[in-house]
Structures are given as structure tokens and as C-alpha cells.
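1. I'll drop the sequence and a predicted model, then ask my questions.
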Amino acid sequence: MTAINHAVFGAVIAAAIPHPYVALPLALVSHFLLDSLPHFGTTSLNEFLKVFFGDGILILVFFTILFVKQPIHWQLLAISAFVAMSPDLMWMPNALRVAKGIPRKKLNGIMKFHKNIQWGERPWGLAIEIPWLIVFSYILVSIER
Ligand SMILES: [Zn+2]
């Protein structure tokens, strides 16, 4: 899933259950749950970069709204959003290696699991991700009212 969908879902968890010892582990688990649903993915570098760029802007907008509006438990919402996105950081070292022209390292056990659950990664996955983002953004705003 896109980072913004992981972040919003993590924030929804923290808004619904504002207890760090419950919300943060659930936010971490939610990453793998969302990745196991059909979502955006492509082998086209150009298409990937466009969505990656848009995702980055939405993440900036999301955290800016959180920091400016400071809804109740906003720090927990921000941390939970970050925790929900964080498993994708495991792809960073290999992405940097590829960018530098260095061969990738072999995937470890958690990376293989993380890759294998993403059976439904397709370019048409945006047709699921966009309504998903709208619905869970609405839920987040409704809870935080
Ligand atoms: Zn992931």
C-alpha cells in the first residue's frame, strides 16, 4: 500500500484506541494486513516514481495538518502513523544499493514474508487505494471531532 494509506490507518487505530501499548503494536501489524490486500504496484519505473512523488506530498500534507491542528492525542496519532508506515523502510538499503549500481543483498526472512504477502500489487490497485484513503481519512476526522 502507499505510505499515506498506512499512515492514515495507523492514525485511525490510535484515534480509536488512544493507548500506546495497544495502538502501536496494532499499527505495526496493520502494515502487513494492508499490504496483504490488493493495492498499487507497478514494474514501470516512471509510473512508480509518479505515485511515489504524490505519496510523499500527501504524507507531508498529512503530518503538517496533524502538527498544525494538534487534535487530541496528536502525538500518539503521529507516532502510530509512522509505526504503520515503518516496515517499508526495510526496502531502503536495497533500493539505495540499486541506485548506486551495487547488487542487492538477499532478502531475510521478514523481507521474504513482507514481499510474499503483496500478491495483489497491480497498477489498477490505485482504484482501491484512492477510495480507501478517502474512507479512512473521513473516519479519522470523524473520530477526532
Ligand atoms: Zn509494506
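-> Received the coordinates, thanks.
2. Which residues outside stretch 136-145 are in contact with it?
-> Outside stretch 136-145, the residues within contact range by CB atoms under 8 Å, 6 or more residues apart in numbering are 5, 8-9, 11-12, 15-16, 71-72, 77. (Each C-beta comes from the backbone N, C-alpha and C, glycine too.)
3. rerun at 7 Å
-> Applying CB atoms under 7 Å, 6 or more residues apart in numbering, the external contacts of stretch 136-145 come out as 8-9, 11-12, 15-16, 71-72.
4. taking the mean pLDDT, what do you get for that stretch?
-> The pLDDT scores in stretch 136-145 average 93.
5. circling back: so which of the contacts of stretch 136-145 is surrounded by the most neighbours?
-> Among these, the one with the most neighbours (other CB atoms under 10 Å) is Ala11, at 32 neighbours.
6. isn't that residue right next to Gln75, touching?
-> No: in this structure, Ala11 is not within contact of Gln75 by CB atoms under 7 Å, at 11.2 Å.
7. tell me which parts of this structure are close to the ion?
-> Selection of the chain residues close to the ion by CB under 5 Å from the ion yields 35, 88.
8. run the last query once more with 6 Å
-> Contact residues, the chain versus the ion (CB under 6 Å from the ion): 31, 35, 87-88, 114.
9. Which stretches in the protein count as strands?
-> Shown for the chain, the strands assigned by DSSP state E span residues 39-40, 121-122.
10. what residues are up against Glu121?
-> Under the criterion of CB under 7 Å, 6+ apart, the neighbours of Glu121 are 39, 41.
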